[in-house]
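Student: got a sequence here, can you model it:
(2 chains)
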Amino acid sequence: RKEVEQDPGPFNVPEGATVAFNCTYSNSASQSFFWYRQDCRKEPKLLMSVYSSGNEDGRFTAQLNRASQYISLLIRDSKLSDSATYLCAVNMNSNYQLIWGAGTKLIIKP
Amino acid sequence: DGGITQSPKYLFRKEGQNVTLSCEQNLNHDAMYWYRQDPGQGLRLIYYSQIVNDFQKGDIAEGYSVSREKKESFPLTVTSAQKNPTAFYLCASSTADGQYFGPGTRLTVT
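Tutor: Now for the predicted structure:
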């Protein structure tokens, strides 16, 4: 089993819809969690951290479920510009090293 | 502007040649990382450094070497021993709030 797993997609979603995807992690001692966005042929960019209490930033909401060992990302009122690959990353120890999922590709259609 | 720079953006080399990829940051971060990303895949850690004059192998260090003589700089050398060097190389630095990436170097070896 991979340490961090994501559904590769693609998720094809109409503009304006709500979409959610998950990321599961294997190490129950994992300490911090992140969602990144990566556009085609570009570097990943930090979208948001995921806190135990959840985290909301505009149309984006991230949640952590420690009991089931997954994090989720929900995008409301999706825009064409949300089309990208979304990577999750998990920190499993006391340094800043991250374990990465392979990403979920999201395509927003007009 | 604070950030991470990588140069060059595109690099072409002949098989059997060593090549050095530059990574500089002015964020005053202690930790720096090198990743490799192949098409449709996640990030794989090559080397990381948590402090000047110290670095550790990641998951795929064979055929690569690094140095960390200055806090701001973490160059990566792709040696001729790396069997499949063509890839997208990403440098990152980090704090507890996450990792921040440079724009990447796309290396093609023929």
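Student: in chain B, where is pLDDT below threshold?
Tutor: Along chain B, segments meeting pLDDT under 70 span B:1-2.
Student: same thing but at 90, please
Tutor: Scanning chain B for pLDDT under 90 picks out the ranges B:1-2, B:39-42, B:80-81, B:83, B:95-98.
Student: can you list the residues of it near chain A?
Tutor: Neighbours of chain A within chain B, by Cβ under 8 Å from any Cβ of the partner chain: B:31, B:33, B:40-43, B:45, B:48, B:50, B:88, B:90, B:94-104, B:106. Glycine gets a C-beta too; all of them are placed from N, C-alpha and C.
Student: quick one, which of those residues are buried?
Tutor: Buried positions within the residues of chain B next to chain A, assessed by neighbour count (16 or more other Cβ atoms under 10 Å in any protein chain shown), are B:31, B:33, B:42-43, B:45, B:48, B:50, B:88, B:90, B:94, B:98-102, B:104, B:106.
Student: let me see the contact set for residue A:34.
Tutor: Residue A:34 sits next to A:46, A:47, A:48, A:49, A:50, A:88, A:89, A:90, A:91, A:98, B:98, B:99 when contact means Cβ atoms under 8 Å, 6 or more residues apart in numbering or on different chains.
Student: state the distance from residue B:8 to residue A:70.
Tutor: 39 Å (Cβ to Cβ, to the nearest Å).
Student: who has more neighbours out of those two?
Tutor: residue A:70 (18 against 11; other Cβ atoms under 10 Å in any protein chain shown).
Student: could you measure from the more buried one over to chain B?
Tutor: Distance of residue A:70 to chain B, given as Cβ to the nearest Cβ, to the nearest Å: 17 Å.
Student: now that residue, which residues is it bridged with?
Tutor: In this entry, residue A:70 is beta-bridged to residue A:24, residue A:65, by DSSP bridges.
Student: hmm, it is touching residue A:20, no?
Tutor: No: look at residue A:70 against residue A:20 with Cβ atoms under 8 Å: they stay out of range, at 11.3 Å.
Student: could you list the buried residues of the host helix or strand of residue B:77?
Tutor: Per DSSP states H and E, residue B:77 falls inside strand B:76-78. Residues of strand B:76-78 classed as buried by neighbour count (16+ other Cβ under 10 Å): B:76, B:78.
Student: ranges for the strands of the chain?
Tutor: All of this refers to chain A. According to DSSP state E, chain A carries its strands in the segments A:4-6, A:11-14, A:19-25, A:32-38, A:44-50, A:55-57, A:60-65, A:70-75, A:84-91, A:98-100, A:104-109.
Student: that answer is for a different chain, and I need it for chain B
Tutor: Going by DSSP E, chain B shows strands at B:4-7, B:10-13, B:19-25, B:31-37, B:43-51, B:54-57, B:64-66, B:76-78, B:87-95, B:98-101, B:105-109.
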